[in-house]
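K.L.:
one predicted model, sequence on top.
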Amino acid sequence: MADSWGGDAEDLGRALVVIPTYEERGNLAPILGRLRTALPEAHALIVDDGSPDGTGQLADQLAAADERITVLHRGTKAGIGAAYVAGFRWGLRRDYGVLVEMDADGSHAPEELPRLLGALTGGRPGAADGADLALGSRYVPGGRVVNWPRHREWLSRGGNLYSRLALGVGIEDVTGGFRAYRRRVLAAMPLDEVASQGYCFQVDLAWRTTRAGFRVVEVPITFTEREQGRSKMSGTIVREALWQVTCWGLRQRAEQLRRIAWHNARQSTRQ
């Protein structure tokens, strides 16, 4: 049966959109309404980290009125990465074929989800040779950022450039958080080992995906700054990401040098 993104439901399976929330009461209902219009057959999992503004209670009300919405309550704010990991595990246990990352604040347009999901089948119904990870990218041709302060955009672009150079990963928007994974990617990941915070989580999971040999495709998106609430990004998260990426890069270079030294030593013994 063909699904609404032009793929094949029997090939990809059901889609689960994981939406972490913390103090997103004003944004939640509108984003779910847009998701329902854009992708009627998708299910949504709201992962709320004990929001003090009543986001979790509103999510429960919305779920009671729509069987395609489920709420996963977590007691404390533990980071967006930990929320996604909890959502991924929930979805994997229930045999969803596609798991999607999407923010609750409206910065990721649900209307662009069909294109992300279409990239998983190469845009052809029933095709098995599409992407394993379709990553919504702000920084490939056709992608753009709307209403972001210039310093935020340059900070983001700089972080992406640094991550690409440090890790040798060929993804233009490796910090982007609007993504669709085939089930097999997340099932193969040691999710307990993935970094849990902000940029670190996105970089780490994308990097692991490429290193595992999965195919990543960047799909151009329009990223729009939130209109309600405040960003959860902080200087601490940015500094943590830079430090962590640096450590990963140095560790990777050390491993490469060890392999080269081992190979040279073997060649010497054969001569």
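P.N.:
Looks like it arrived, so ask away. Residues are numbered from 1 along each chain as shown.
K.L.:
give me the pLDDT for Q267.
P.N.:
The predicted local confidence for Q267 comes out at a pLDDT of 68.
K.L.:
give me the pLDDT for the nearest residue to L113 once chain neighbours are set aside.
P.N.:
Ranked by C-beta to C-beta, 6 or more residues apart in numbering and with sequence neighbours excluded, the top spatial neighbour of L113 is L39, at 5.2 Å. In short, each C-beta sits where N, CA and C put it, glycine included. According to the predicted model, the pLDDT of L39 comes to 95.
K.L.:
need the three-state assignment for Y181.
P.N.:
The local conformation at Y181, judged by DSSP: H, G, I helix; E, B strand; the rest coil, is strand.
K.L.:
tell me if I'm right that it and L135 touch.
P.N.:
No. With contact defined as C-beta atoms under 8 Å, Y181 and L135 do not form a contacting pair (9.4 Å).
K.L.:
the strands in this protein, which residues?
P.N.:
Defined through DSSP state E, the strands belonging to the chain, from first to last, are 15-21, 43-48, 69-73, 98-101, 133-137, 144-146, 179-182, 216-220, 222-224.
K.L.:
would you turn the ones you listed into a markdown table with mean neighbour count, distance to I171 and mean pLDDT?
P.N.:
Putting the strands of the chain into a markdown table (neighbours: other C-beta atoms under 10 Å; distance: least, C-beta to C-beta, whole Å; pLDDT from 0 to 100) gives the following:
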| stretch | mean neighbour count | distance to I171 | mean pLDDT |
| --- | --- | --- | --- |
| strand 15-21 | 26 | 20 | 97 |
| strand 43-48 | 25 | 25 | 98 |
| strand 69-73 | 18 | 28 | 97 |
| strand 98-101 | 26 | 15 | 98 |
| strand 133-137 | 26 | 7 | 97 |
| strand 144-146 | 14 | 17 | 94 |
| strand 179-182 | 26 | 11 | 97 |
| strand 216-220 | 21 | 6 | 97 |
| strand 222-224 | 19 | 16 | 95 |
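K.L.:
now those strands as TSV including distance to G122?
P.N.:
Rendered in TSV, the data for the strands of the chain read as follows (distance: least, C-beta to C-beta, whole Å):
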stretch	distance to G122
strand 15-21	17
strand 43-48	24
strand 69-73	30
strand 98-101	14
strand 133-137	10
strand 144-146	24
strand 179-182	12
strand 216-220	9
strand 222-224	23
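K.L.:
among those, single out whichever gets nearest to L250.
P.N.:
L250 lies closest, by C-beta to C-beta, to one member of those: strand 216-220, at 23.4 Å.
K.L.:
only alpha carbons, please: show the closest one as CSV.
P.N.:
Output of strand 216-220 as CSV, limited to C-alpha atoms (Å, rounded to 0.1, in the frame of the first residue of the first chain):
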residue,chain,number,x,y,z
VAL,A,216,23.2,9.4,4.6
VAL,A,217,21.4,11.8,2.2
GLU,A,218,21.0,15.5,3.0
VAL,A,219,17.6,17.0,2.0
PRO,A,220,17.3,20.8,1.9
